[in-house]
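Trainee: sequence-free structure coming up:
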């Protein structure tokens with residue numbers, strides 16, 4: 001291909017950066033599912049492998065460009081900035097929850113509600129304790145890291161609301177991503193032992209674990225029919241965390257730390 005041809009090709013890709021992002025994600029998912037099937041026999045869902053590949057690519061993108069947005073700093077791959085944004089993320093979450101059978105969802109009842117509360121408070125306490133163990137003493141930092149342990153969405157939302165430093169927000173996202181990957185990998189391994197084989201237990205599980213991506217991928221590797229139910233309470237869990245972490249839980253931490 002001549003220099004002019006390469007320039008034209010680069011221009012076309014840059015002008016259709018969002019399509020390029022979708023195409024790359026499709027290729028990564030195809031590769032990840034193939035690896036999950038052949039190397040793990042389906043016990044580890046392809047989404048977990050895809051996230052690891054995505055993190056590696058983001059790390060490389062940040063080093064290669066010296067920028068702040070990872071791969072999005074590369075013009076041809078700038079579509080990842082929109083594709084990975086809040087708009088498409090929330091759309092995907094809502095679309096998944098639309099598959100829920102409301103009558104079955106009602107069966108979760110009080111148990112599902114308790115799971116939501118515990119699934120929000122307990123991870124927050126774990127994250128806050130981790131922050132304290134590493135020497136952080138101010139309420140804003142502790143609350144932001146604690147919120148990250150709830151989910152990697154609640155962490156930055158809480159950090160932005162409380163005015164946490166960017167490095168602390170990044171730590172909260174990192175904790176949430178690690179939690180998501182762990183849930184993805186371990187869900188199919190423990191499903192049989194915890195009775196994770198029906199919509200009711202899937203909703204309780206989603207409320208306790210909270211991470212939408214982790215629960216969805218983990219249930220997909222266990223039983224695809226359970227995905228909408230786990231995703232429903234996991235989605236509520238994220239919303240509940242965004243409400244409680246920068247308000248009630250923050251003031252509780254403030255009362256303890258002074």
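Mentor: Sure thing, it's come through. What you see is a predicted model, and the numbers here were worked out from it, not measured in a lab. Residues are numbered from 1 along each chain as shown.

Trainee: now stretch 17-27: how far from the chain's centre is it?
Mentor: 19 Å (CA atoms, centre = their mean, to the nearest Å).

Trainee: got the buried residues for it?
Mentor: Under the neighbour-count criterion of 16 or more other CB atoms under 10 Å, stretch 17-27 has 17, 20-21, 24-25 buried. C-beta here means a position set from N, CA and C on the backbone, and glycine is covered the same way.

Trainee: just stretch 160-167 next, same as before
Mentor: Counting neighbours by 16+ other CB under 10 Å, stretch 160-167 gives 161-162, 164 as buried.

Trainee: In TSV, list those residues along with secondary structure and pLDDT.
Mentor: Shown next, in TSV, are the buried residues of stretch 160-167 (DSSP: H, G, I helix; E, B strand; the rest coil; pLDDT from 0 to 100):
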residue	secondary structure	pLDDT
161	helix	87
162	helix	89
164	coil	86
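
Trainee: May I see those residues arranged in TSV, with distance to residue 155 as well?
Mentor: What follows is these, written out as TSV (distance: CB to CB, whole Å):
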residue	distance to residue 155
161	11
162	11
164	9
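
Trainee: Closest to residue 145 out of the residues you listed?
Mentor: Distance to residue 145 across the buried residues of stretch 160-167 (CB to CB) is lowest for residue 164, with 8.8 Å.

Trainee: Apart from its chain neighbours, what residue comes closest to the closest one?
Mentor: residue 144 (4.2 Å; CB to CB, 6 or more residues apart in numbering).

Trainee: residues near residue 200, how many?
Mentor: Residues near residue 200, counting by other CB atoms under 10 Å, number 19.

Trainee: Roughly how far does it sit from residue 229?
Mentor: 8 Å (CB to CB, to the nearest Å).

Trainee: which intervals of the protein have sub-threshold pLDDT?
Mentor: 1-11, 42-43, 45, 67-70, 84-109 (pLDDT under 70).

Trainee: Identify the residues contacting the residue most central in space within the chain.
Mentor: Nearest to the geometric centre of the chain sits residue 213, at 4.8 Å (CA atoms, centre = their mean). Residues near residue 213 by CB atoms under 8 Å, 6 or more residues apart in numbering: 47, 51, 180, 184.

Trainee: Could you identify the most distant pair in those residues?
Mentor: 47 and 180 (9.2 Å).

Trainee: Which parts of the stretch 151-258 of the chain are helices?
Mentor: For the stretch 151-258 of the chain, the helices defined by DSSP state H, counting those that start in this stretch occupy 154-162, 166-190, 199-209, 212-222, 227-244, 250-257.

Trainee: any chance of these in a markdown table, with distance to residue 122 too?
Mentor: Below are the helices of the stretch 151-258 of the chain laid out as a markdown table (distance: least, CB to CB, whole Å):
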| stretch | distance to residue 122 |
| --- | --- |
| helix 154-162 | 13 |
| helix 166-190 | 12 |
| helix 199-209 | 8 |
| helix 212-222 | 15 |
| helix 227-244 | 12 |
| helix 250-257 | 14 |
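
Trainee: Of all the ones you listed, which one is nearest residue 64?
Mentor: Short answer: helix 166-190, nearest of the helices of the stretch 151-258 of the chain by CB to CB, at 18.8 Å.

Trainee: Could you list the domains of the chain?
Mentor: 1-84, 96-258 (automatic domain parsing).

Trainee: what's the most buried one of those?
Mentor: Of all the domains of the chain, domain 96-258 has the most neighbours on average by mean count of other CB atoms under 10 Å, namely a mean of 20.
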